[in-house]
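Colleague: how does the following fold in three dimensions:
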Amino acid sequence: MNYKLIALDLDGTLCNDEKAVTPRTAAALKQAQEHGVRIALASARPLHGLFREMHAIDCDKHHGILIAYNGGKIVDASTREILSQTVIPHDLAVEVLHYLKDFPVSPIIDDGERFYAESADTYKLDHECSNNAMDCTIVPSLADALDFDLVKILTSVQPEQLYDVLSVIGKPYEDRLEFVRTAPFYIEIMPKNIHKAASLQLVCEKLGIHPEEVIAFGDAENDLEMIQFAGHGVAMGNACGALKDAADEVTLSNNEDGIARSLEHLLDFLS
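Modeller: This is a model prediction of the structure:
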């Protein structure tokens, strides 16, 4: 197969556990781009949080695609042209921010440049700021402070409570919003039908690429639709069981250059 696009989740997939792209994996992806293969970075992170990995693999030099917020915003990495953006309606976002106070979750929002939270002690706030290289402003009320377009609401929750919360928290909004587990400690709230596969389909349509010409790599539940959409879906060795069951291939882990190992078998010019 003449593959034309490689879609990559970041945390647990492209990045190792030290949040770095290893030299072998970076070299394989750079070589793929030099041979005309496009790269799409697909993450639940805000757009700013994709820049470090974008530069690490030269995605910005080859018109790579940045799929941020799980697909809520899609940008050309070279020109920074916004190809698609879907936001939560302002009144609905304010309503949900008030509603969340009834649950053991801590909301974190962002305007694309910085995070906002109601306490400096918000669970996982330091992790999120570090992971995305973004600062945070503490405000008395997120609902009152919301004066910008909101693509998603991130909520952090203690892992032992996550599944109990997830089973009920989204029910009043299930026709308007997606409530998705994106990490053992995150539930993310996004507009309905926003996920990586839908965004990847839009990208493919714009680039004239067929799904069977796509390789996709992931490790978590929010990568499932993307893995199923791609002509060749690859689960990392550290992936969750559902993703491994759905994938065409299970490669080595994110700490063992699983992406490079797989591409060296799939792309003739890397062998």
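
Colleague: going forward, measure contacts between C-alpha atoms and count neighbours the same way
Modeller: Fine.

Colleague: show me where this structure has helices.
Modeller: Counting by DSSP state H, the segments of the chain that form helices are 23-34, 51-56, 90-99, 125-132, 142-145, 159-169, 196-207, 224-229, 241-246, 258-266.

Colleague: could you identify which of these is most buried?
Modeller: helix 224-229 (a mean of 22; mean count of other CA atoms under 10 Å).

Colleague: about what we covered before: any chance of the helices of the chain in CSV, with distance to residue 111 too?
Modeller: Formatted as CSV, the helices of the chain follow (distance: least, CA to CA, whole Å):
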stretch, distance to residue 111
helix 23-34, 30
helix 51-56, 16
helix 90-99, 13
helix 125-132, 13
helix 142-145, 11
helix 159-169, 24
helix 196-207, 20
helix 224-229, 26
helix 241-246, 31
helix 258-266, 32
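
Colleague: what's the closest of the ones you listed to residue 118?
Modeller: helix 142-145 (6.6 Å; CA to CA).

Colleague: how about residue 27: what's its closest non-neighbour residue?
Modeller: Leaving aside its sequence neighbours, residue 27 sits nearest to residue 57 (CA to CA, 6 or more residues apart in numbering; 7.5 Å).

Colleague: make a markdown table from the helices of the chain and add mean pLDDT and distance to residue 151 to it.
Modeller: Output for these, formatted as a markdown table (pLDDT from 0 to 100; distance: least, CA to CA, whole Å):
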| stretch | mean pLDDT | distance to residue 151 |
| --- | --- | --- |
| helix 23-34 | 98 | 29 |
| helix 51-56 | 98 | 18 |
| helix 90-99 | 98 | 9 |
| helix 125-132 | 95 | 16 |
| helix 142-145 | 97 | 14 |
| helix 159-169 | 97 | 19 |
| helix 196-207 | 96 | 14 |
| helix 224-229 | 96 | 20 |
| helix 241-246 | 97 | 26 |
| helix 258-266 | 97 | 29 |
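
Colleague: residue 124: what's it in contact with?
Modeller: The contact partners of residue 124, by CA atoms under 8 Å, 6 or more residues apart in numbering, come to residue 156.

Colleague: any idea how far residue 145 is from it?
Modeller: Residue 124 sits 21 Å away from residue 145, going by CA to CA, to the nearest Å.

Colleague: in contact with the closest residue to residue 137 other than its chain neighbours, which residues?
Modeller: Counting by CA to CA, 6+ apart, residue 116 is the residue found nearest to residue 137 once chain neighbours are left out, at 4.9 Å. Residues in contact with residue 116 (CA under 8 Å, 6+ apart) are 108, 109, 110, 136, 137, 138, 139, 142.

Colleague: most neighbours among those, which one?
Modeller: Within the contacts of residue 116, residue 108 tops the neighbour count with 25 neighbours, counted by other CA atoms under 10 Å.

Colleague: list the residues that contact that one.
Modeller: Counting by CA under 8 Å, 6+ apart, the residues that residue 108 touches are 115, 116, 117, 125, 153, 154, 155, 156.

Colleague: for residue 122, same thing?
Modeller: residue 106.

Colleague: how much space separates it from residue 128?
Modeller: From residue 122 to residue 128 the distance is 10 Å (CA to CA).

Colleague: likewise residue 60?
Modeller: 23 Å.

Colleague: again with residue 112
Modeller: Per CA to CA, residue 112 is found 13 Å from residue 128.

Colleague: do residue 198 as well
Modeller: 25 Å.

Colleague: same question for residue 222.
Modeller: 18 Å.

Colleague: same deal with residue 150?
Modeller: Distance from residue 150 to residue 128, counting by CA to CA: 17 Å.

Colleague: same question, residue 95
Modeller: Residue 95 is 24 Å from residue 128, by CA to CA.

Colleague: how about residue 51?
Modeller: Counting by CA to CA, the gap from residue 51 to residue 128 is 15 Å.

Colleague: and residue 251, how many neighbours does it have?
Modeller: Counted with other CA under 10 Å, residue 251 comes out at 23.
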